[in-house]
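Visitor: 3D model of this:
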Amino acid sequence: SGAILFAFDSKTCGKLHEGLSNSTKEYVALLRGDFSLNYGRETTVDKPLLVKGVMKESRTKFTLLASMSGNNNRLGSSGMQLSDSLAACSLVLCEPKTGRTHQIRRHAQYLSHPLLGDTQHGDTKVNRWWRENRGLNRLALHCISLNLPPIEGLEDEGAHCVAPLSPELLSVLKRDDMASLFEQAIEREPKLALEPIDVRGGSYGRNFRSKLSTS
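Guide: Take a look at the predicted model:
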């Protein structure tokens, strides 16, 4: 989920596609485990990725926003707390410097901190636990901002788009057992606290619901 860019004609679409090569994008991701134990506050992955049979240069920066461990006291057969390995998680900001298929997801897997809810590159057991115990029924990845510089041939000054977190992700992050993680993350990245605003005109513009209730 998150920020998306589209055009109403093929010429503009082509120009925007060219401009994306110089754009900057930020994603918020919820990863398995405590990222700080292995990588501290941030790390950059330069691992090349296979794209249509060809190895392509790929680079992603991961910055920790907040992390937490499990606190369930239920013990497994080994005597270890089961939730310490299943509930431990980290909220990170991801900045892909290249645009390969599933780049963030594949680089997160390479770090041994796959995205929660990732059915292709993640951990099935952990995903099931988060689905059943935290209500996470989707991939925990969201494009929170997209910055596009001015593009030659288009009469604009570039674009800066910020997409507030989706309701599905917020419902997980605002749980009582996740609140401390989310509050700490907001201190480091205030965009996480933004709420959606409908700026469309006409019948479905700002205050549409309030108008409907008074009509």
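Visitor: so where do the helices sit in this protein?
Guide: With DSSP state H as the definition, the chain shows helices at residue ranges 10-19, 35-39, 82-86, 103-110, 124-133, 167-173, 179-188, 208-214.
Visitor: how about the fourth one: buried residues?
Guide: Along helix 103-110, the positions that meet the burial threshold by neighbour count (16 or more other C-beta atoms under 10 Å) are Gln103, Ile104, Arg105, Arg106, His107, Ala108, Gln109. Just so you know, the C-beta spots here come from the backbone N, C-alpha and C atoms, and that holds for glycine as well.
Visitor: quick one: which of those residues is nearest Arg138?
Guide: Ranked by distance to Arg138 (C-beta to C-beta), these are led by Arg105 at 13.1 Å.
Visitor: related to what we said a few turns ago, and the helices of the chain: which comes nearest Gly2?
Guide: Relative to Gly2, the nearest member of the helices of the chain by C-beta to C-beta is helix 167-173, separated by 9.7 Å.
Visitor: want to throw the buried residues of helix 103-110 into CSV with pLDDT and distance to Ala185?
Guide: Converted to CSV, the buried residues of helix 103-110 look like this (pLDDT from 0 to 100; distance: C-beta to C-beta, whole Å):
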residue, pLDDT, distance to Ala185
Gln103, 94, 22
Ile104, 96, 17
Arg105, 96, 20
Arg106, 95, 23
His107, 96, 20
Ala108, 96, 17
Gln109, 95, 22
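Visitor: from those residues, which two are the most distant?
Guide: In the buried residues of helix 103-110, the most distant members under the criterion C-beta to C-beta are Gln103 and Gln109, with 10.9 Å between them.
Visitor: most neighbours per residue, which of the helices of the chain?
Guide: Per-residue neighbour counts averaged over each of the helices of the chain give the maximum for helix 103-110, namely a mean of 22 (mean count of other C-beta atoms under 10 Å).
Visitor: where in the protein is the helix or strand with the lowest mean pLDDT?
Guide: Of all the helices and strands that make up the chain, the one with the lowest confidence by mean pLDDT, DSSP states H and E is helix 208-214; it has a mean of 48.
Visitor: now the end-to-end length of stretch 91-105.
Guide: In terms of C-alpha to C-alpha, to the nearest Å, the two terminal residues of stretch 91-105 are separated by 14 Å.
Visitor: okay, buried residues for it please.
Guide: Buried positions in stretch 91-105, judged by neighbour count with 16+ other C-beta under 10 Å: Leu91, Val92, Leu93, Cys94, Glu95, Pro96, Arg100, His102, Gln103, Ile104, Arg105.
Visitor: and if you look at stretch 145-159?
Guide: Ser145, Leu146, Leu148, Ile151, Leu154, Ala159.
Visitor: beta partners of the second one?
Guide: Leu146 has the following beta-bridge partners by DSSP bridges: Lys25, Cys161.
Visitor: distance of it relative to Pro167?
Guide: Using C-beta to C-beta, to the nearest Å, one gets 20 Å for the distance from Leu146 to Pro167.
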